[in-house]
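Asks: what follows is a predicted structure for the sequence shown.
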Amino acid sequence: MTTRNKKVRIGITMGDPAGIGPEIILKALAQEVIYRQAMPIVIGDGAVLERAKGYVCSPVRIRRIGPVGEVTGRFGEVEVLDLKNVDLEKCPPGVLSAEAGRAAVECIFRAIDFARANELDAVVTAPLNKEAIHLAGYRFAGHTEIFAERTGSRNYALMLVAGRLRVLHVSTHVSLREACDRVRKDRVLQVIHLAHDAAAAWGLRRPRIGVAGLNPHAGEQGIFGHEEREEIAPAVAAARAEGIDAVGPVPPDTLFYRALKGEFDFVVAMYHDQGHIPVKLRSFDRAVNVTVGLPIIRTSVDHGTAFDIAGKGTASPRSLVEALRLAIRMARRRRQA
């Protein structure tokens, strides 16, 4: 097998064409290290990428391809599966629009379908805008829900990765009131299972999983809430009965510190901000979003479309580079398995 054939094929969705996605893609793919192990393929609109070249003064050549099989993986070229689905006049940088939301979702659908057909080894997503996709008529809460529905996945979760800190969430894009209602034994146990299964991507055979409480001090034996005793602790006990090394509920104000010190390989957070805030405080522009529980590999940046700086060429590609590196590692491990 040649070196070329050993490289993994990574599809990169363009994200919202009015956001910073096209810019950070060009910046990330200006790094030769990505091409040593992967054949990146941008799924989006070629004209949008050409426009973004002007923002970032990129020397790369945009090469439009047809089938994924035409990709060469040559450094210095950004190969794009050109969907030709954006009217540049209707999608100026930094402007919210249904046109941009529609184009972003179309890119994601196409990437998922390629990955399911084994034409891609992984998908890395640039940011979309939730309001824009709603204007376009799609009622998804975000990328995670799009991937779950398109792949027919029922048991899935969002995981944020920042170095040794890996955090899975029981719930994400719902109100805080609804998030509390979603803390149920079956769902907590499901996410513990997902954390345990995700460990293979890091070569961990027996991962240590710390499970957060929902309430201050993990409820203080029912003084500050009943969810720990009635829902979380029974889920942890069930996981331990299966041989999973899970601990909890642990007071959330100490759990993440203990994880950063190496006591836990994974953390199960009960809701969006409980998990997102410590990760972004630790690694705001380097964290990676992973959807676990899918039949395909999907990683993403941990930030949004940043309309306020779109078109200025100042957006950092660091999170996207980390997302690409993680997708490459996960895809190579899956191939070896």
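Replies: Ah, there it is.

Asks: pLDDT on stretch 308-316, on average?
Replies: Average pLDDT, stretch 308-316: 96.

Asks: what's next to it, contact-wise?
Replies: The contact list for stretch 308-316, computed with C-beta atoms under 8 Å, 6 or more residues apart in numbering, reads 18-20, 23-24, 27, 55-57, 92-94, 285, 306. Glycine gets a C-beta too; all of them are placed from N, C-alpha and C.

Asks: turn the residues you listed into CSV, columns for distance to Ala136.
Replies: Converted to CSV, those look like this (distance: C-beta to C-beta, whole Å):
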residue, distance to Ala136
Ala18, 12
Gly19, 14
Ile20, 19
Glu23, 22
Ile24, 22
Lys27, 27
Tyr55, 24
Val56, 27
Cys57, 31
Pro92, 17
Pro93, 18
Gly94, 18
Asp285, 28
Ala306, 19
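
Asks: highest neighbour count among those?
Replies: Greatest neighbour count in the contacts of stretch 308-316, by other C-beta atoms under 10 Å, goes to Ile20: 33 neighbours.

Asks: still on that earlier bit, the contacts of stretch 308-316: which two are farthest apart?
Replies: The most widely separated members of the contacts of stretch 308-316, counting by C-beta to C-beta, are Pro92 and Asp285 (25.3 Å).

Asks: mind checking which of the contacts of stretch 308-316 land in helices?
Replies: Among the contacts of stretch 308-316, the members found in helices (DSSP state H) are 23-24, 27, 55-56.

Asks: relative to Trp202, which of the contacts of stretch 308-316 is nearest.
Replies: Of all those, Asp285 has the smallest distance to Trp202: 21.9 Å, by C-beta to C-beta.

Asks: wait, isn't the closest one in contact with Ser319?
Replies: Yes. Between Asp285 and Ser319 there is a contact under C-beta atoms under 8 Å: 5.6 Å.

Asks: returning to what we had before: could you dump the ones in helices among the contacts of stretch 308-316 into CSV with pLDDT and distance to Val124 added?
Replies: Output for those, formatted as CSV (pLDDT from 0 to 100; distance: C-beta to C-beta, whole Å):
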residue, pLDDT, distance to Val124
Glu23, 97, 15
Ile24, 97, 11
Lys27, 96, 14
Tyr55, 91, 20
Val56, 92, 18
